[in-house]
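**Q** with the sequence up front, the predicted model follows.
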Amino acid sequence: MNISIVPMAEDHLDAIWHIEQQAHSHPWKESMIRELNSRCAIHHSLLCNGWVAGYFYAQNVVGEITLLNIAIAPELQGNGLGKQLLQFLLDYGEEQSAESIWLEVRESNLAARHLYQSLDFNEIDRRIGYYPSNNGKEDAIIMSCYLSGFSF
Ligand SMILES: CC(C)(COP(=O)(O)OP(=O)(O)OC[C@H]1O[C@@H](n2cnc3c(N)ncnc32)[C@H](O)[C@@H]1OP(=O)(O)O)[C@@H](O)C(=O)NCCC(=O)NCCS
């Protein structure tokens, strides 16, 4: 597989919207997926042999990066692509001298939590009953990772 990670482009959005609906239990609205020019956006797509296979939405606000959404097409999950994509964001943050990366994840999302822990994200806090879920509500776990390239 030939893998590349590139800035998200308009012509990726149909594939991204398709993956979003398949990969997530609670997908974003289509209008959010198609919003490329939000403030401080650093969204990227992962291409497999030229085809969109995954993506992340993130923003960098004065050195504090927030990961808003990350997904890999279901048929390609479990092959290390999610880790490659998140490692790219970590490297990108280092290059930009960002201080930290923050994210929120559903308590029940064990695959995502495992991915984040495998790249040294730590649980910082919880929002109790923050997300609607199929069984009522579930906690949001807030995680962060400090970047070594940051200097005061
Ligand atoms: C979370 C997601 C991006 C991970 O992508 P992926 O390509 O499947 O993950 P990888 O193959 O790179 O695996 C990364 C790590 O997570 C682990 N992992 C992956 N899927 C797992 C699962 N279902 N259960 C437990 N661990 C899992 C892998 O073993 C690996 O850990 P290791 O490096 O210690 O071996 C993918 O599952 C996805 O798109 N999920 C739906 C969208 C989503 O939930 N996004 C996160 C919202 S916060």
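**A** Perfect, thanks for sending it.

**Q** so which residues on this protein come close to the ligand?
**A** With the criterion set to CB under 6 Å from any ligand atom, the chain comes near the ligand through 23-24, 70-72, 77-83, 105, 109-112, 114-115, 118. (Each C-beta comes from the backbone N, C-alpha and C, glycine too.)

**Q** and residue 145, how far from residue 124?
**A** Residue 145 is 10 Å from residue 124, where distance means CB to CB, to the nearest Å.

**Q** so the two - more neighbours on which side?
**A** Using other CB atoms under 10 Å, the more surrounded residue of residue 145 and residue 124 is residue 145, with 19 against 10.

**Q** relative to residue 119, how far out is the more buried one?
**A** 7 Å.

**Q** how about the helices in this protein?
**A** For the chain, the helices defined by DSSP state H cover 13-23, 30-33, 81-95, 110-118.

**Q** tell me, how many residues neighbour the residue in the chain positioned nearest to the ligand?
**A** Residue of the chain nearest the ligand, by CB to the nearest ligand atom: residue 82 (2.2 Å). By other CB under 10 Å, 24 other residues sit near residue 82.

**Q** show me what contacts it?
**A** For residue 82, the contact set (CB atoms under 8 Å, 6 or more residues apart in numbering) comprises 54, 70, 72, 111, 115.

**Q** per-residue pLDDT, it?
**A** For residue 82, the model assigns a pLDDT of 98.

**Q** go on, residue 120?
**A** Value for residue 120, per-residue pLDDT: 95.

**Q** nearest spatial neighbour of it, skipping sequence neighbours?
**A** residue 145 (5.6 Å; CB to CB, 6 or more residues apart in numbering).

**Q** how much space separates residue 80 from residue 44?
**A** 17 Å.
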